[in-house]
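Visitor: Prediction below, plus the sequence it came from.
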Amino acid sequence: MRFFASCGKGLEYLLADELAALGCARATAALAGANAEGTLRDAQRAVLWSRLASRVLWPLAEFDCPDEHALYAGVAALDWPAHLPDGATLAVDAHVSGDALTHARYAAQRVKDAVVDTMRARTGARPDVDVEAPDLRLNLVVRKGRAVLSVDLGGGPLHRRGWRAMQGEAPLKENLAAAVLLRGRWPQVYAEGGALLDPMCGSGTLPIEAALMAADVAPGLLRHGARPPTRWRGFDRAGWDALVAQARERERAGRAALRPVLFGRDLDPHAVRAARENAARAGVADAIDWQVGDVRALGPSFRIPREGEHPEPGPAAGEAAPAAAHGAGTLGGGAPARGLVVCNPPYDARLAADPALYRALGDALRRAVPGWRASVLCGDEALARATGLRAQKAYPLFNGAIECTLIVADPVAPAPRERAEAAPALSEGAQMAANRLRKNLRKLKAWREREGVTCFRAYDADLPEYAAAIDVYATDEPGPQTWLHVQEYAAPADIPEATQRKRRNELLAAAREVFAVPRERVALKTRVRAKGGSKYGQLDSRGELIAVREGDARLRVNLFDYLDTGLFLDHRPMRLRIAAEAHDTRFLNLFCYTGAATVHAAVGGARRTTSVDLSATYLEWCADNLRENGIGGTRHRLVQADALAWLEADDQEYDLIFCDPPTFSNSKRADDFDVQAAHVRLLRAAVARLAPGGTLYFSNNYRRFRLDEAAVAAFAQCEEITPQTIPPDFARDPRIHRCWRLRRR
């Protein structure tokens, strides 16, 4: 069966990964949730164990719903005595969109009427409504004339863990707190012996959620206890009891082994008192040291107890904190070399976000825990920048209706590099490479300034001895930085490895001098000798993305972690062409990769976009790129699927299609793909989806590719436009790709 788990916007990909880890056969991110495939036991396990889901919805019926009469009839057609016990209470949550049903409360009322009328007709009794704690909670979604009616297996919001007795102003939801911890890799930090600090803890949500996570406590245990979360007759009570029993065993072992390495502090003594009471209700009071103190006073005196020591209790609410406590923990013993700082500093109109406070937070963390990782939920990008923390990753998240920015910095304060001695003079070979780079820059300067190009290829094996490509990426920031991406080509087998290494170093020295960039802003992809031929060596795992601008679009690229950066620079003219032609179109991007073409289409005014790729990683990257440009919502659909199979099953029409498939791919989740063998089938399916007057752009970079012109001519008008799509910075290699424009006959 397929079921749906909802979550806050921005948590979808984390939730899909969590559901897969919980045993679901398949889980894919969707808007504000994840679609999962699995058994009822899998769904019930998600109710008990998911730290990220808001609700778990098990579908009962799906039907056409053009109006309220169809809604009533569709609900009344179900055998409600088989779902609802005698004397049970009922509640209905509804979410509607479209023209037929516009009021969610009225739609919920019609569902309730249909259930009540059916029960009364079948049993002679009607169920009562209890909106707070019903025995059966139903969930209705009506979208595009289709209704889905589901059982809310958790009986209500799953972020309510059951331990919160007191809260401060604008508390953080527990499932959002879990996302902050997971993005900061708290389970890994704890497993490696690290500690956790929240220097602005409020009522304690982050440290308490971290303690329960470290203790392996299922989030649903405190919320539901031994009783099932719903009295729906279809609920597997025996299966639930077995899951709870297993969770209890894990809880006992986890709580017994929990180390007291969690620290929460806040300037407000009333907030600290609430945090202590909440921790006591959660059963983790002994694991967390609470302190009253100003984040501005956090400094190098911050200490974490050694294993076996226990933190001294902090001051009671209303009492002044001891002087030592203003430095945080009062025990000596030295802080672990690694740990995680989590924080949700104040923001929005109610809490009066103050950039100065964010700056003070960043300064304090650099003083106190420079070598730790930090995961900080900020009000927006400007406040995130105010911390001064160098974020390797930034995630848009929603705290309720408030859009926030979660930044992850690792470490908090990178070790300052010792000032290098004056760079030695370039060798003769390096000077020759530097001269060629300067010549190329002069040649491209007028074009780059005219077109506003900031990311380009500056060198492509112009000198045979220095066989590499050098791409320049300039960040789109108030103080832009220049980064270099260097890809070394495979050397002939007769070139000694020492000679290769010498030439590589000379080229890098030349590039760093010409572009005046430090070593850490140069990404090098170099080939190494390996069995089966020349292969790229192990790549990095920095998770560091930079934002660049192309035309009117902002795009995120990763220069270090993958073979490609997320942006194929040779396709720049094609993406700009798409942006110019996309206004008021329905755009389809097949094999969408990181969605750069989709962003250009959306920025260019596309009415709707659909992006298809088999990789969840690339689709998440695509979603990040869309959000980077303030683009979101149901008009921009992301589909995780085998592009060719999906295309052949699709029945929609598109005005503009871009198809840039890989040369070859294989995956456990899809059939092998070979562009030469499959291109006629692929193009026939894509042309069939074109609306009258629509355009398909087809491109690939397989150098031996041969278009089957006779076969394609049977169903499409086809024109090769490769010369118009090769930019000046790739003129040395006009075979970098080929491109065709197709229209329906």
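Guide: Perfect, thanks for sending it.
Visitor: make it CA atoms for all contacts and neighbour counts henceforth
Guide: Will do.
Visitor: where do the strands sit along the stretch 551-700 of the chain?
Guide: 553-557, 586-590, 608-613, 636-640, 654-659, 664-667, 670-674, 690-700 (DSSP state E, counting those that start in this stretch).
Visitor: Relative to I578, which of those strands is closest?
Guide: strand 654-659 (8.2 Å; CA to CA).
Visitor: so that closest one versus strand 608-613, what angle?
Guide: 30 degrees (axes from the mean of the first three to the mean of the last three CA atoms, to 10 degrees).
Visitor: which one of the strands of the stretch 551-700 of the chain is the most hemmed in?
Guide: Ranked by mean neighbour count, the strands of the stretch 551-700 of the chain are led by strand 586-590 with a mean of 26 (mean count of other CA atoms under 10 Å).
Visitor: could you give me the average pLDDT of that strand?
Guide: Within the predicted structure, the mean pLDDT of strand 586-590 is 98.
Visitor: okay, that strand in PDB with CA atoms only?
Guide: Extracted C-alpha coordinates of strand 586-590, given in PDB (Å, rounded to 0.1, in the frame of the first residue of the first chain):
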ATOM      1  CA  ARG A 586       4.300  24.300 -19.500                       C
ATOM      2  CA  PHE A 587       7.900  23.300 -19.200                       C
ATOM      3  CA  LEU A 588       9.300  19.700 -18.900                       C
ATOM      4  CA  ASN A 589      12.900  19.000 -17.900                       C
ATOM      5  CA  LEU A 590      13.800  15.300 -18.500                       C
END
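Visitor: Return the list of strands paired to it, each annotated with direction.
Guide: strand 608-613 (parallel), strand 654-659 (parallel) (DSSP bridges).
Visitor: In JSON lines, list those along with distance to W447 and mean pLDDT.
Guide: Compiled in JSON lines, these are given as follows (distance: least, CA to CA, whole Å; pLDDT from 0 to 100):
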{"stretch": "strand 608-613", "distance to W447": "31", "mean pLDDT": "96"}
{"stretch": "strand 654-659", "distance to W447": "26", "mean pLDDT": "98"}
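Visitor: and of these, who's closest to D380?
Guide: Nearest of the strands paired with strand 586-590 (CA to CA): strand 608-613, 26.3 Å.
Visitor: Show me where the stretch 151-300 of the chain has its strands.
Guide: 195-198, 262-266, 288-292.
Visitor: Show me where the stretch 51-200 of the chain has its helices.
Guide: 68-76, 104-123, 174-183, 186-191 (DSSP state H, counting those that start in this stretch).
Visitor: Let me know which of those is the nearest to A147.
Guide: helix 68-76 (7.5 Å).
Visitor: buried sites along the closest one?
Guide: Going by neighbour count (16 or more other CA atoms under 10 Å), the buried part of helix 68-76 is 71-72, 74-76.
Visitor: Closest to K439 out of the residues you listed?
Guide: L71 (70.3 Å).
Visitor: show me the contacts for that closest one.
Guide: Taking CA atoms under 8 Å, 6 or more residues apart in numbering, we find L71 in contact with 65, 107, 110-111, 147.
Visitor: could you dump the strands of the stretch 151-300 of the chain to CSV with distance to P81, mean neighbour count and mean pLDDT?
Guide: Converted to CSV, these look like this (distance: least, CA to CA, whole Å; neighbours: other CA atoms under 10 Å; pLDDT from 0 to 100):
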stretch, distance to P81, mean neighbour count, mean pLDDT
strand 195-198, 50, 26, 96
strand 262-266, 50, 27, 95
strand 288-292, 48, 29, 95
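Visitor: right, and those - which one's nearest S611?
Guide: That would be strand 195-198 among the strands of the stretch 151-300 of the chain, by CA to CA, at 38.9 Å.
Visitor: before we move on, the earlier item: out of the strands of the stretch 551-700 of the chain, nearest to R223?
Guide: strand 636-640 (33.6 Å).
Visitor: was I right about R183 contacting V408?
Guide: Yes - with contact defined as CA atoms under 8 Å, R183 reaches V408; the gap is 7.3 Å.
Visitor: Of those two, which one has the most company?
Guide: Legend: neighbour count by other CA atoms under 10 Å for R183 and V408, higher for V408 (27 against 19).
Visitor: Report the secondary structure state of the residue lying closest to that one once chain neighbours are set aside.
Guide: Nearest residue to V408 in three dimensions, chain neighbours excluded: S375, at 4.6 Å (CA to CA, 6 or more residues apart in numbering). With DSSP: H, G, I helix; E, B strand; the rest coil as the basis, S375 sits in strand.
Visitor: Bridging across strands, which residues link to S375?
Guide: Bridge pairing for S375 - DSSP bridges - gives V342, V408.
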